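> A structural model of the following input is requested.
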Amino acid sequence: MKRKIIVFFISFIMLFISCYYKYVEENKNKIELKPTKNIDTTQVVNNQTEEQEKVQKVDIIYDNEVVNLDLEDYVLGVVACEMPASFDIEALKAMAVASRTFALYKITTNKNYKLSTTTKDQCYITVDKMKKNWGNSFEKNYEKIKTAVSETKNEYLTYKDKVIIAFYFSISNGYTENCENVFSQKLDYLKSVDSSWDKEYDYKQKTVNFSEKDFLNKLGINDSSIKDIQIDRSNTGRVSTIKVNNKSFKGTNFRTLLGLRSTDFEITRKDNKVYIETKGYGHGVGMSQYGANAMANKGYTYDEILKYYYTGVKINE
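Predicted coordinates for the structure are as follows:
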């Protein structure tokens, strides 16, 4: 009797298992789609708005204090500080886009970055400073720069869909410089281009002089006199390396140590003095500001200027 009950029970279990697998097989493609959790679209929109607000605002360090500014107000202060208001409006527009791009690059690649208002990042001045600098020309200059900024509002430069680091400088020696020769990083959009327009401004040539002793001291050379100077130049005419006596320097480092305007320089010695004549002003990478103005005077538009100095870029908004 017990044996019959056990056999019956086992048969029942096997029948149940068989029916279960048959049901699964018949319904494996009939998957019930359960409703997902409701999404608060208002919250999504708010989050997106907050992200956009972050891009539209910048933190700067001004007079040793952190100041939060609207991006466009910041750009206006940068253009007013970095480029003469007398320049053509198209050059000022190019400057506005370049400075906005530079700021966005710093902000998007460095979390919680605070922009310096020195040459470490970009020069910036307040409206009060503009009034002091421009005097009776304030209204005219302010409106001109405001127009350049507003007519390029939100525009910035990208290369392969990424914001570029839009380096710029005052004036070249006739050519801009490859990025890797100055900042030790090769960037395809910062290639050397002809900037012969800068010749119209005599390259801002300047000659400075040092006593031999002062010259050697600034270079950290303990010798009593200059025995030999050897110079190697890049294909743009700038000094890539220089050797004084037995000590070698990169051209960029030599420029910094002596406070020179550029790395395109000639050295002459006379009566225990060292004379250094520089050609150009600035590091030479990216857009030449005086070159941009010369292009604008010849009828080039701001977008043409930007795409000339920054190879292969797009203007985004």
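> can you tell me which residues contact Thr101?
Tyr156, Leu157, Val163, Ile164, Ala166 (C-beta atoms under 8 Å, 6 or more residues apart in numbering). Backbone N, C-alpha and C define where each C-beta goes, glycine included.
> burial measure for Leu219, as a count.
20 (other C-beta atoms under 10 Å).
> with Trp134 instead?
As a burial measure, Trp134 scores 15 neighbours (other C-beta under 10 Å).
> again, but for the one 10 residues further on
Using other C-beta under 10 Å, Lys144 has 18 neighbouring residues.
> same thing with Leu257?
Around Leu257 there are 13 residues (other C-beta under 10 Å).
> same question for Ile229.
Ile229: 12 surrounding residues under other C-beta under 10 Å.
> the closest residue to it other than its chain neighbours: what's it in contact with?
Excluding the flanking residues, the one nearest Ile229 by C-beta to C-beta, 6 or more residues apart in numbering is Val244, at 5.5 Å. Contacts of Val244 were listed using C-beta under 8 Å, 6+ apart, and they are Leu216, Leu219, Ile221, Ile226, Asp228, Ile229.
> how about the strands in the stretch 151-300 of the chain?
156-159, 162-163, 168-169, 206-211, 229-233, 239-244, 247-250, 265-270, 273-278, 287-288 (DSSP state E, counting those that start in this stretch).
> follow-up on the earlier one: would you point out the most distant pair within the contacts of Val244?
Farthest pair in these (C-beta to C-beta) is Leu219 and Asp228. Separation: 13.3 Å.
> re the thing from before, quick check, nearest of the contacts of Val244 to Glu143?
Using C-beta to C-beta, those come closest to Glu143 at Leu219, 47.5 Å.
> low-scoring stretches of the stretch 1-150 of the chain, by residue?
Along the stretch 1-150 of the chain, the model assigns pLDDT under 70 to residues 1-55.
> re the thing from before, got the contacts of Val244 as CSV, with distance to Val66 and pLDDT columns?
CSV is the format used below for the contacts of Val244 (distance: C-beta to C-beta, whole Å; pLDDT from 0 to 100):
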residue, distance to Val66, pLDDT
Leu216, 42, 97
Leu219, 37, 97
Ile221, 41, 96
Ile226, 47, 95
Asp228, 50, 94
Ile229, 45, 96
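> now these in CSV, with distance to Lys57?
Listed next are those as CSV, based on distance: C-beta to C-beta, whole Å:
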residue, distance to Lys57
Leu216, 49
Leu219, 44
Ile221, 48
Ile226, 53
Asp228, 54
Ile229, 50
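> of those residues, closest to Pro84?
Among the contacts of Val244, and counting by C-beta to C-beta, the member closest to Pro84 is Leu219, at 33.7 Å.
> what residues are bridge-paired with the residue nearest to Ile229?
On the basis of DSSP bridges, Val244 is bridged to Ile229, Lys247.
> relative to Gln122, how far out is the residue nearest to the spatial centre of the chain?
Nearest residue to the geometric centre of the chain (C-alpha atoms, centre = their mean): Ile165, 2.4 Å. Ile165 sits 12 Å away from Gln122, going by C-beta to C-beta, to the nearest Å.
> need the residues touching each of those two.
Counting by C-beta under 8 Å, 6+ apart, the residues touching both Ile165 and Gln122 are Phe102.
> wait, Asn209 sits on Glu277?
No: look at Asn209 against Glu277 with C-beta atoms under 8 Å: they stay out of range, at 9.8 Å.
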